[in-house]
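Enquirer: Quick check, what structure comes out for this input:
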Amino acid sequence: MSDVDRNAIEQAWNGVVETARRTAAEGLVVGTSGNVSARIGGVVLVTPSGVPYDRLGPGDAVGVDLEGRQVLGELAPTSELPLHLAVYRAGDAAAVVHTHAVHATAVSTLVPEVPLIHYAAALLGGPVRTAAYARYGTQELADAMLDALRDRTGCLLRNHGTVTYGDTLDEAYDRTAQLEWMCRLWLTASSVPGHRPSLLTPAQLRDVQDALKGYGQPG
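Expert: Predicted structure coming up:
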């Protein structure tokens, strides 16, 4: 690798570790559960299997190519590597975040799709689907996830957790946080005896999606 490549890899790895630590600090994972990755060209940097995030340093970078062959580091990559690689092979994602967020995981056991409780669903491309259950680390799980991710930037994994992706690690993480918040909101509203939460219609969600096209600062 050139010095430029090494610099890019080093910066990306620091971002992966920082994001992984953030998922733990903000209660989206417990212990070494969940995983984070970032793509730099043909290299996917991914958190290693079974190593606490606070123990990871600059010399612990783990990288694989898009076929899953390890090209960087000595530590074994996460057991969820097939899930990450499936996202990168399917499109132009630059970062993937997988968590076991409590409220989102709870919702994954209840519904095939997160009810439209809030327009934050528009930030994930529309109603968030729940992928069919499959054991962690399997290609079957990766395939079910891809089906749930059609035209979306995030999904639930039944009895398991969440997956989101983005153009940056910050964007992927923010989508995870929004998904967890939205699931918590629906569970909270649904828990009030004698009441059912009002939901947005598909037309109302499309209106929000159109409005979001002009959201933020110019340029």
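
Enquirer: Mind jotting down where the helices sit in this structure?
Expert: Here the chain has its helices, by DSSP state H, at 3-25, 81-90, 102-108, 139-148, 169-190, 202-212.

Enquirer: Of these, which is nearest residue 62?
Expert: helix 3-25 (8.4 Å; C-beta to C-beta). C-beta: built from backbone N, CA, C; applies to glycine.

Enquirer: just checking, what packs against the closest one?
Expert: Helix 3-25 sits against strand 35-40, strand 43-46, strand 95-99, helix 169-190, with contacts defined as 3 or more C-beta pairs under 8 Å, 6 or more residues apart in numbering; DSSP states H and E.

Enquirer: is it true that residue 173 touches residue 99?
Expert: No. Using C-beta atoms under 8 Å, residue 173 makes no contact with residue 99, being 9.3 Å away.

Enquirer: shared neighbours of the two, anything?
Expert: Counting by C-beta atoms under 8 Å, 6 or more residues apart in numbering, the common neighbours of residue 173 and residue 99 are residue 23.

Enquirer: okay, the two: which has more neighbours?
Expert: A count of neighbours by other C-beta atoms under 10 Å puts residue 99 above the other of residue 173 and residue 99, at 30 against 24.

Enquirer: so where is this protein shaky, pLDDT-wise?
Expert: 1-4, 216-219 (pLDDT under 70).

Enquirer: Which residue lies nearest the spatial centre of it?
Expert: What sits nearest the mean C-alpha location of the chain, by C-alpha atoms, centre = their mean, is residue 164, with 2.5 Å.

Enquirer: That residue and residue 49: what is the separation?
Expert: 21 Å (C-beta to C-beta, to the nearest Å).

Enquirer: now for the helices of the chain, which one comes closest to residue 55?
Expert: Residue 55 sits nearest to helix 3-25 of all these, at 9.9 Å, using C-beta to C-beta.

Enquirer: Just the angle for that closest one relative to helix 169-190, thanks.
Expert: With axes from the mean of the first three to the mean of the last three C-alpha atoms, to 10 degrees applied, the angle from helix 3-25 to helix 169-190 works out at 20 degrees.

Enquirer: how far out from the middle of the chain is helix 3-25?
Expert: Distance, stretch centre to chain centre, for helix 3-25: 16 Å (C-alpha atoms, centre = their mean, to the nearest Å).

Enquirer: and that helix with strand 95-99, angle?
Expert: 20 degrees.

Enquirer: Tell me the bridge partners for the residue nearest to the centre of the chain.
Expert: Residues in a beta bridge with residue 164, per DSSP bridges, are residue 97, residue 154.

Enquirer: these two touch, right, it and residue 176?
Expert: Yes. Judged on C-beta under 8 Å, residue 164 makes contact with residue 176 at a distance of 4.6 Å.

Enquirer: Need the residues touching each of these two.
Expert: Common contacts of residue 164 and residue 176 (C-beta under 8 Å, 6+ apart): 97, 154.

Enquirer: which residues does residue 126 contact?
Expert: Residues near residue 126 by C-beta under 8 Å, 6+ apart: 151, 152, 205, 209.

Enquirer: and the gap between the first one and residue 90?
Expert: Distance of residue 151 to residue 90, computed by C-beta to C-beta: 12 Å.

Enquirer: ok, the two, which is more surrounded?
Expert: Neighbour totals were compared for residue 151 and residue 90, and residue 90 leads with 14 against 7 (other C-beta under 10 Å).
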